[in-house]
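Peer 1: after the sequence you'll find the predicted model.
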Amino acid sequence: MKEFNLTLSLGIIILSASSLFAEAQTKSTFMGSSLINMPSTEDVGKDNLDFRFNHRFGNGKSTSATFAGLDGGANTQLSLDYGFTEKLSVGIARTSAFQTYEARSKYKILNQNDSMPVSLSFFGVVGQETSKQAMKYDTYINPPSIGNYISLPPAAVSQIDTYIRQEGNEYELSDTDKRSFLASVLISRRFTDRISLQVSPMFVHRNFIKSQLGNDRTGVDIGGRIKLTKRVDFTFEAIFTPKRDYQGASYYTEDRYTKYPGLNTLTGTEINQQYNNPQGLQYAALRNIILDKPVNYYYVPFSLGVDIETGGHVFQLFVTNMRTLAHTQLLRGADYDYKKGDWTVGFNIHRYFSFAKDVDSE
């Protein structure tokens, strides 16, 4: 939490340090209406349509075997954002992961100029996952076999027992459970002709979450660009949050793993029944403390890339450790750990269309 608060404070201080740059800024802060993951403060523009195709590939660690992750499957998103006014845009998106649909809107509140040191926009999203999902209960229920009460062939008994245990230990999520919401304030500043930064505090609410996690989560996205040429920018982006999701479906299961595969920590019932003497307690301490393996959580998302503008198109190419595309899922954390050599490549393609009516000059 301290690291998160420090990061957010430093980002806001950087953006508000306008005294370091006396030059008035009137040009665009970023090349397009999005950074790598989050939207930028740049507007789509009245009567303009932003058609976007986003793509994240698989793990590129084994470069030769998977062709830098391109053979590992991809997470894709198609989206449309339309500018109803110069300040207001509304959009929809569909992401392949969890078959997620999003409705979103962005509204420009402040625009950087001679008297205003920053640009500020509000961004809101409603996300709906539509894929079939089920959650396992943390405490596994193991009812007695029906073979104790009903005379059936052993194969039938085994099949029915398996079905009962599965149904009794899983909860299938409803559409309401799979709905989530995001609200974010986008704060950006163009410091010089080449350097721009954006800090975006975020709040996400999920109607249903895995055990040991909260429905509400806060975070901050920090991104920026360094202009290399008139049509090429170097970009970066990172997302920080006090707590990311843990890997795996059940915290109870993940929390019982030790450093040795196949050897789990002991439950309280097992200790009370089998290891309640001094020697047994020493063995329990060995398994539950010394050999205990911490629960694995997802990683801090961090991306580096380039933006290329070609006149109606903006191509964004980058290396990242996260495959997530839906905005309401960004605070769950990144899939890959750079320290282990894991990474992936991705791209966003913007195609802008104008539907503004031509005005005859008098």
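Peer 2: The structure has been received and is ready for your questions.
Peer 1: return the distance of V44 relative to G219.
Peer 2: Applying Cβ to Cβ, to the nearest Å, the value for V44 to G219 is 25 Å. For glycine as for every other residue, the C-beta is placed from the backbone atoms N, C-alpha and C.
Peer 1: surely F208 touches E172?
Peer 2: No: if you go by Cβ atoms under 8 Å, F208 and E172 don't touch, sitting 11.0 Å apart.
Peer 1: for these two, indicate the residue with more neighbours.
Peer 2: Higher neighbour count among F208 and E172: F208, with 16 against 10, using other Cβ atoms under 10 Å.
Peer 1: quick one, what contacts the more buried one?
Peer 2: Neighbour list for F208: 135, 173, 177-178, 215 [criterion: Cβ atoms under 8 Å, 6 or more residues apart in numbering].
Peer 1: got those residues as a markdown table, with secondary structure and neighbour count columns?
Peer 2: Output for these, formatted as a markdown table (DSSP: H, G, I helix; E, B strand; the rest coil; neighbours: other Cβ atoms under 10 Å):
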| residue | secondary structure | neighbour count |
| --- | --- | --- |
| M135 | strand | 17 |
| L173 | coil | 16 |
| D177 | coil | 16 |
| K178 | coil | 20 |
| N215 | coil | 11 |
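Peer 1: and which of those residues is nearest F191?
Peer 2: N215 (37.4 Å; Cβ to Cβ).
Peer 1: quick one: the closest one and F203 touch, right?
Peer 2: No: in this structure, N215 is not within contact of F203 by Cβ under 8 Å, at 11.4 Å.
Peer 1: any weak-confidence spans in the protein?
Peer 2: Across the chain, the ranges flagged by pLDDT under 70 are 1-27, 62-72, 138-141, 168, 358-362.
Peer 1: which parts of it are helices?
Peer 2: Using DSSP state H, the helices of the chain run over residues 2-16, 63-66, 154-168, 251-255, 268-274, 278-285.
Peer 1: now the third one: how far from the chain's centre is it?
Peer 2: In other words, helix 154-168. Relative to its chain's centre, helix 154-168 lies at 37 Å (Cα atoms, centre = their mean, to the nearest Å).
Peer 1: same question for that helix: list its buried residues.
Peer 2: Within helix 154-168, the residues that count as buried by 16 or more other Cβ atoms under 10 Å are 157, 161.
Peer 1: tell me where the chain has strands.
Peer 2: 48-56, 75-83, 88-95, 100-110, 119-129, 134-136, 170-172, 179-190, 195-206, 216-229, 232-240, 302-309, 313-320, 344-354 (DSSP state E).
Peer 1: now the ones you listed in CSV, with distance to S158?
Peer 2: Formatted as CSV, the strands of the chain follow (distance: least, Cβ to Cβ, whole Å):
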stretch, distance to S158
strand 48-56, 41
strand 75-83, 38
strand 88-95, 39
strand 100-110, 37
strand 119-129, 34
strand 134-136, 20
strand 170-172, 19
strand 179-190, 38
strand 195-206, 37
strand 216-229, 42
strand 232-240, 46
strand 302-309, 48
strand 313-320, 45
strand 344-354, 41
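Peer 1: L35: which of the ones you listed is closest?
Peer 2: For the strands of the chain, proximity to L35 was assessed by Cβ to Cβ; strand 216-229 is nearest, at 4.2 Å.
Peer 1: can you list the strands that the closest one pairs with?
Peer 2: strand 195-206 (antiparallel), strand 232-240 (antiparallel) (DSSP bridges).
Peer 1: save those strands as JSON lines, and put in mean neighbour count and distance to E270 too.
Peer 2: Converted to JSON lines, the strands paired with strand 216-229 look like this (neighbours: other Cβ atoms under 10 Å; distance: least, Cβ to Cβ, whole Å):
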{"stretch": "strand 195-206", "mean neighbour count": "21", "distance to E270": "34"}
{"stretch": "strand 232-240", "mean neighbour count": "20", "distance to E270": "39"}
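Peer 1: rebuild those as TSV, extending it with distance to G224.
Peer 2: Output for the strands paired with strand 216-229, formatted as TSV (distance: least, Cβ to Cβ, whole Å):
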stretch	distance to G224
strand 195-206	4
strand 232-240	6
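Peer 1: which of those sits closest to I109?
Peer 2: I109 lies closest, by Cβ to Cβ, to one member of the strands paired with strand 216-229: strand 195-206, at 13.3 Å.
Peer 1: next, the angle from that closest one to strand 179-190.
Peer 2: Per axes from the mean of the first three to the mean of the last three Cα atoms, to 10 degrees, the angle that strand 195-206 makes with strand 179-190 is 170 degrees.
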